[in-house]
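Participant: here is a sequence with its predicted model. Questions after.
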Amino acid sequence: MKKLLLVVLFLIGLGISGCSDEKASNVTSQSTLSLDEPSLAKIESSNITAKVQALQEVQQIPVLYYHSIMLEEGNEVRMPPEQFEAQMSYMRDKGYESVSLNELYNAFYNNEILPPKPFVITFDDGYGDNYTNAFPIVKKYGFTATVFMVSSYIDGEGFLSWAQLRELVANEWEVAGHTVSHPYLSQCDRKVLYNELLSSKEALEKGLGLPVRFFAYPYGDVTGDVEQAVKDTGYVMAFTTKRGWFDPSLDKWHQKRVYCFANMGLNEFSRRLQDSNY
């Protein structure tokens, strides 16, 4: 009888011990999950962010630049609308997404994120056909663009009006600086130089109710004095006419662009999108 009692007590003890171990195991498991899952998530998120930032630190991005989108035989700065549309179709088919200069700037200088295949569309001078011909095509393919506007040309024959500029801005286009009268800035004295830069900026900001932060040098004409004046008048980034892609390893005042001209053909257009130093 004593032996039977001892066996029963022994078995009961095993059961209690087993339950206790299982509960302890469950508690330990739950505790581990509650501690480890957030930690793992943070580590993974940190790794992804680091990888994206590392990619963006070395990423070069094509900034296309055009002038006029219309047909005029023998004038290479006037690209026929059908050629321009073929290029926009190519960009969409290849998976490119347009970004604004503001998004481009913030990605590299304020740690924001860009889409996988970004590019930028820009137009110099502010021709009226940027609104009548380019705008519908750009919109059709889900893109946006920037106009580097010569402020004294606004409302002039063949150029954009204030009403057109405001409509473009309402459709997420940007308007950037390109001086008052499109001179060779290196040939201007100090007073004229600062007036060309500041008066244009102020006129655009007043007319559009938005800050104007980016600039393109007319004729690509830039010297140390011109660069300093651009900085002093409140622009945060400037573009030349030098061939190449936007490169964050360069300084903000000498960024390159991809020149697009009439009758260049899709093969040449494609080549310039495959070689950052075309």
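Facilitator: Great, that's in hand. Since the model is a prediction, treat every value here as computed from it, not as a measurement.

Participant: now Gln146: closest residue in space, sequence neighbours ignored.
Facilitator: Not Gln; residue 146 is Thr. Glu174 (4.2 Å; CB to CB, 6 or more residues apart in numbering). C-betas here are computed from N, CA, C, even on glycine.

Participant: the one you found touches Phe214, doesn't it?
Facilitator: Yes. If you go by CB atoms under 8 Å, Glu174 and Phe214 touch, sitting 7.3 Å apart.

Participant: quick one, strands of the stretch 1-150 of the chain?
Facilitator: Along the stretch 1-150 of the chain, counting by DSSP state E, counting those that start in this stretch, strands occupy 63-66, 97-98, 118-125, 146-149.

Participant: quick one: the helices in the chain, in order.
Facilitator: Counting by DSSP state H, the chain has these helices, from start to end: 2-58, 81-93, 101-109, 129, 135-140, 162-170, 190-208, 224-232, 265-272.

Participant: pick out the residue closest to the middle of this structure.
Facilitator: The centroid of the chain falls nearest to Leu104 when counting by CA atoms, centre = their mean (2.8 Å).

Participant: how near is that residue to Val212?
Facilitator: Leu104 sits 16 Å away from Val212, taking CB to CB, to the nearest Å as the criterion.

Participant: which residues touch the residue lying closest to Met79 once chain neighbours are set aside?
Facilitator: Among residues not flanking Met79 along the chain, Ala262 sits closest, at 4.7 Å (CB to CB, 6+ apart). By CB atoms under 8 Å, 6 or more residues apart in numbering, Ala262 lies in contact with Asn75, Glu76, Val77, Arg78, Met79, Pro80, Gln83.

Participant: hmm, Asn263 and the second one touching each other?
Facilitator: Yes. With contact defined as CB under 8 Å, Glu76 reaches Asn263; the gap is 7.3 Å.

Participant: more crowded one of those two?
Facilitator: Shown here are Glu76 and Asn263; by other CB atoms under 10 Å, Glu76 has more neighbours (13 against 10).

Participant: what's around the closest residue in space to the more buried one that isn't next to it in sequence, how many residues?
Facilitator: Closest residue to Glu76 apart from its sequence neighbours, by CB to CB, 6+ apart: Phe261 at 4.3 Å. Phe261: 16 surrounding residues under other CB under 10 Å.

Participant: what residue ranges in this protein are flagged as low confidence?
Facilitator: The model of the chain has pLDDT under 70 over residues 1-58.
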